[in-house]
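Participant: Provide a 3D model corresponding to the input given below.
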Amino acid sequence: MLFALPLALVVLGRSVQADAGGWPVTRAERTNYAETSHYEDVIEFIEALQRKGAPISVSYIGAAKSGKRMPLVIAARPMVASPAEARRTGKPIIYIQANIHAGEVEGKEASLMILRRLSQAPAGGILDRAILLFDPIYNIDGNEMFGPQARNRPEQNGPELVGHRESGEGFDLNRDGIKAESLEFRAVLANIWNTWDPDVMMDLHTTDGTRHGYELTYAPPLNPNTSPGIMAFTRDEMLPRIRAQIRRQFGQELFDYGDAERRDKQQVWATFEEHGRYMTNYAGLRNRIGILSEATTYISFKDRVGATDYFVTACLDYLLKNSRRVMELTRGTDALVSSWGSDPSKVPELGVQFAMASRGAEDALLEPAPPVGGSRPEGRPTKIDRVKMPIYDRFAVTKRARVPSCYFIPASETRLVELLRRHGVVVERLREAASIKGERFTFSDVKVGGRAFQGHRLTSVTGSFSSGSESVLAGSYVVRMNQPLGILIFNLLEPESSDGVVTWGFYSVPPSVGSSSPVVKGFGAFDAVTERVP
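Facilitator: Numbers count the residues shown, from 1 in each chain. Alright, predicted model coming up:
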């Protein structure tokens, strides 16, 4: 009976619990963190915020394989009616996504709680100074594949039932940043990256590796082609200062994301790969600030939510205290990259191959290895040691290539062109033949993976460029580099790129030793009429 449920809001036959002030509470909160939110809980929570008058609007940007729609919550005061209006405000646009790996559930709960708290804050707060976008349940189908935590996330400390890592299509959605095959990432590209064009993105996870002494680990974009200014601001300034702030405020230790491993015959702390397939690295290739959050797997579910909340909130505070610099870095890099196409001789060569590098040796907090024949205790480690070791938190360029003024693509490469346009790249078509000074790549070695990864046998190549006059047929496609996504274009189209279209097999004819790339690099102007591909 309704009168017997003073702390529930009942809507269309469903109910969501509310606190004494009438604000909704998450499933995690109302079960004392014994459970995590289902898809319906997330939607009901968002709708309850709207009924309470929160300064939010909601759109649905796509659908998972199951047909369940992906919610995007826009939070701002005053509200903006469109991405174009958001950009005109001059405020930074910050995108927060959670639950991309659906067994890692604390980001989902923390993002809802942060959204509620910001909605309750008086005027003058974060929502008055930024446009926030929340995607709290990125992997909807994975979230709904509930199973025992001991099976779906065996190292994780609760809750008892959690979702599945992969999407309904079987994709690891945090490996889809280049190939863009999943329904979820295609929706995010179309309706977030290519429309709202956020200045910052945050991706919320739980780690599942080394047992260490940190509540949460973090990472900036790792690809060295990321703007040096964005890299310095994120990696060298913001994240270390937030680490110190959270230690002072909450007594919690944070550190750079990584695992303890053996490298060069010694123990080191090493981060993950620099590839653009990872979402925070992808943000860097788009000239944007990317921030990875990884709560620690063995601390309790409640503590993981708390650590994620503290970290995200501290990041928001720092970003807004430096909002002018954030905008100068992101939009300034757009302008700089767009200028490259007019004079490639002034463009620095960019990296195509990379190696992990160390910033030096520091103390890292690690759980001692168990004795021979012993096992690690469940939950928090009973002992933590300070171990001095090299910290491999970045990458160095080991091979570079010239940045052209444009790339020419044969008319037959429609699948490749479709991928470029999906990423938001401007593509034109030649209405007549053109002649240009160019470079064509010849493959001298081709290695194809023996096992499929995310449905592809990954390919790596080496070879060399030859220069000369290139004749390009009418109907061919041209991708000019005088556009903001020039660094991403380079990463995609360079044949030796560590994570580009060759890697994922997007050429209509696979590379072979002695064959030439179908894509030609152009340098300088050319006289031919083009039309933009709509």
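Participant: Could you pull out the helices in the stretch 401-534 of the chain for me?
Facilitator: For the stretch 401-534 of the chain, applying DSSP state H, counting those that start in this stretch gives helices covering 414-422, 486-493, 501-504.
Participant: closest to Val326 out of these?
Facilitator: helix 486-493 (18.0 Å; Cβ to Cβ). All C-beta spots, glycine's among them, are computed from the backbone N, C-alpha and C.
Participant: Please save the CA atoms from the closest one in PDB.
Facilitator: Output in PDB follows, covering the C-alpha atoms of helix 486-493 (Å, rounded to 0.1, in the frame of the first residue of the first chain):
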ATOM      1  CA  GLY A 486      44.600  14.700 -37.700                       C
ATOM      2  CA  ILE A 487      46.400  12.700 -35.000                       C
ATOM      3  CA  LEU A 488      43.700  10.100 -35.000                       C
ATOM      4  CA  ILE A 489      43.800   9.900 -38.800                       C
ATOM      5  CA  PHE A 490      47.500   9.400 -38.700                       C
ATOM      6  CA  ASN A 491      47.200   6.600 -36.100                       C
ATOM      7  CA  LEU A 492      44.500   4.900 -38.300                       C
ATOM      8  CA  LEU A 493      46.100   5.200 -41.700                       C
END
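Participant: quick one: that helix to helix 414-422, angle?
Facilitator: 160 degrees (axes from the mean of the first three to the mean of the last three Cα atoms, to 10 degrees).
Participant: same for helix 486-493, what does it pack against?
Facilitator: helix 279-285, helix 323-340, helix 414-422 (3 or more Cβ pairs under 8 Å, 6 or more residues apart in numbering; DSSP states H and E).
Participant: what residues does that helix touch?
Facilitator: With Cβ atoms under 8 Å, 6 or more residues apart in numbering as the test, helix 486-493 has contacts from 178, 223, 225-227, 276, 285-287, 337-338, 340-341, 350, 401, 403, 407, 419-420, 423, 425, 479, 481, 483, 497, 499-501, 519.
Participant: Name the stretch from the helices of the stretch 401-534 of the chain that approaches Thr333 most closely.
Facilitator: Ranking the helices of the stretch 401-534 of the chain by proximity to Thr333 (Cβ to Cβ) places helix 486-493 first, at 8.4 Å.
Participant: related to what we said a few turns ago, quick one: closest of the helices of the stretch 401-534 of the chain to Ala219.
Facilitator: Of the helices of the stretch 401-534 of the chain, nearest to Ala219 by Cβ to Cβ is helix 486-493, at 18.1 Å.
Participant: could you give the mean pLDDT of the closest one?
Facilitator: What helix 486-493 shows for mean pLDDT is 98.
Participant: Then stretch 189-196?
Facilitator: Stretch 189-196 comes out with an average pLDDT of 98.
Participant: ok now stretch 319-334, how far from the chain's centre?
Facilitator: 18 Å (Cα atoms, centre = their mean, to the nearest Å).
Participant: List the buried residues for it?
Facilitator: Residues of stretch 319-334 classed as buried by neighbour count (16 or more other Cβ atoms under 10 Å): 319-320, 322-323, 325-326, 329-331, 333-334.
Participant: What of stretch 21-40?
Facilitator: Result for stretch 21-40 [16+ other Cβ under 10 Å]: buried residues 23-30, 33, 35-39.
Participant: could you dump those residues to a markdown table with secondary structure?
Facilitator: Below are these laid out as a markdown table (DSSP: H, G, I helix; E, B strand; the rest coil):
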| residue | secondary structure |
| --- | --- |
| Trp23 | coil |
| Pro24 | strand |
| Val25 | coil |
| Thr26 | coil |
| Arg27 | helix |
| Ala28 | helix |
| Glu29 | helix |
| Arg30 | helix |
| Tyr33 | coil |
| Glu35 | coil |
| Thr36 | coil |
| Ser37 | coil |
| His38 | coil |
| Tyr39 | helix |
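Participant: Could you let me know which of these ends up closest to Arg116?
Facilitator: Proximity of the buried residues of stretch 21-40 to Arg116 (Cβ to Cβ) peaks at Trp23, which lies at 5.8 Å.
Participant: Okay, now stretch 393-409: how far is its last residue from its first?
Facilitator: In stretch 393-409, first residue to last residue: 36 Å (Cα to Cα, to the nearest Å).
Participant: Mind checking the pLDDT average for it?
Facilitator: For stretch 393-409, mean pLDDT rounds to 97.
Participant: Check which residues of stretch 193-212 are buried.
Facilitator: The neighbour-count check on stretch 193-212 (16+ other Cβ under 10 Å) flags 193-194, 196-212 as buried.
Participant: Of all the helices and strands packed on helix 486-493, which one is nearest Phe233?
Facilitator: Phe233 sits nearest to helix 323-340 of all the helices and strands packed on helix 486-493, at 5.9 Å, using Cβ to Cβ.
Participant: With distance to Ala54 added, can I get the helices of the stretch 401-534 of the chain in a markdown table?
Facilitator: Formatted as a markdown table, those follow (distance: least, Cβ to Cβ, whole Å):
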| stretch | distance to Ala54 |
| --- | --- |
| helix 414-422 | 33 |
| helix 486-493 | 35 |
| helix 501-504 | 41 |
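Participant: could you redo those as TSV and give each row distance to Lys447 and mean neighbour count?
Facilitator: Compiled in TSV, the helices of the stretch 401-534 of the chain are given as follows (distance: least, Cβ to Cβ, whole Å; neighbours: other Cβ atoms under 10 Å):
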stretch	distance to Lys447	mean neighbour count
helix 414-422	20	17
helix 486-493	19	25
helix 501-504	11	24
